[in-house]
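*Asks:* need a structure here:
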Amino acid sequence: MLVGHSAGGALVLWLGEQELHVNVRLIVAVAPVTDLEEGYRRRLSDEGDAIELYMKCTPETAESLREYQKASPICLLPVKRNVLLVLGTGDKDVPPDMVEKYYHKAMFERQASNLTVEILKIPGADHYDVLSCGNAAWIKVKDSVMKLWRRCENP
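*Replies:* Okay, here's the model as predicted:
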C-alpha cells in the first residue's frame with residue numbers, strides 16, 4: 001500500500017502508474033493534487049506557487065508542459081492499481097472538484113478493468129482534518145482504508 005497527502009498524494013498516484021518491482025495493491029491518495037497544470041493555473045497553496053516549486057518549472061513552454069503531463073496523475077489514466085481517493089469538502093488547499101474530476105475520469109477509463117477506484121468525501125473536513133489522528137474525519141479515512149485493503153487482499 002502506498003499512501004500520500006497533497007503533493008504526496010500526487011506522487012503516490014504517479015507511482016501507481018509506474019512499473020514497480022514490488023506488489024502494490026492499493027494507492028491511497030489523501031487530498032491529492034490530481035492535475036498539476038490545473039493546480040498551477042489555480043495557484044494552489046497559500047503563496048500560490050506550490051505546483052511551480054514542486055515541478056521546478058511553469059507549464060508555459062511546450063517542453064515544460066510535457067513535463068507537467070508526465071507527472072500529472074490525470075494524464076496517466078487509466079489506473080493500474082486499486083485507488084482510494086480521500087477529500088474533505090471544506091478543503092481550501094486542494095479544491096475538491098479537482099479530485100472529483102480525476103475520480104470521474106478514472107471511473108470512465110477503467111471500464112473493462114476489475115480494479116477498484118473509490119472516493120471518500122468527508123463533509124466539512126479541511127486539508128488537514130483528513131490526517132489528524134483521532135478526529136472524526138481521520139477515523140473515517142482509517143476505516144475506509146482498512147475496508148478496501150481487506151478487499152484488495154482477498155479479491
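
*Asks:* what about this structure, any weak spots by pLDDT?
*Replies:* Within the chain, the ranges that satisfy pLDDT under 70 run 154-155.

*Asks:* can you give me the strands in it?
*Replies:* Secondary structure of the chain by DSSP state E: the strands cover 2-5, 26-30, 82-88, 117-122.

*Asks:* will you turn those into CSV that also has mean neighbour count and distance to D46?
*Replies:* Every C-beta, even on glycine, is put in place using the N, C-alpha and C of the backbone. Listed next are the strands of the chain as CSV, based on neighbours: other Cβ atoms under 10 Å; distance: least, Cβ to Cβ, whole Å:
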stretch, mean neighbour count, distance to D46
strand 2-5, 19, 16
strand 26-30, 25, 19
strand 82-88, 25, 17
strand 117-122, 19, 22
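
*Asks:* Now render those as JSON lines, adding distance to L20.
*Replies:* Conversion of those to JSON lines gives the following (distance: least, Cβ to Cβ, whole Å):
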{"stretch": "strand 2-5", "distance to L20": "9"}
{"stretch": "strand 26-30", "distance to L20": "11"}
{"stretch": "strand 82-88", "distance to L20": "14"}
{"stretch": "strand 117-122", "distance to L20": "18"}
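
*Asks:* Of all those, which one comes closest to Y103?
*Replies:* Y103 lies closest to strand 117-122 among the strands of the chain, at 4.6 Å (Cβ to Cβ).

*Asks:* ok, so what distance separates the residue nearest the centre of the chain from W138?
*Replies:* Closest to where the C-alpha atoms of the chain average out (Cα atoms, centre = their mean) is P32, at 3.5 Å. Separation of P32 from W138 (Cβ to Cβ, to the nearest Å) stands at 17 Å.

*Asks:* Right, I'll leave it there.
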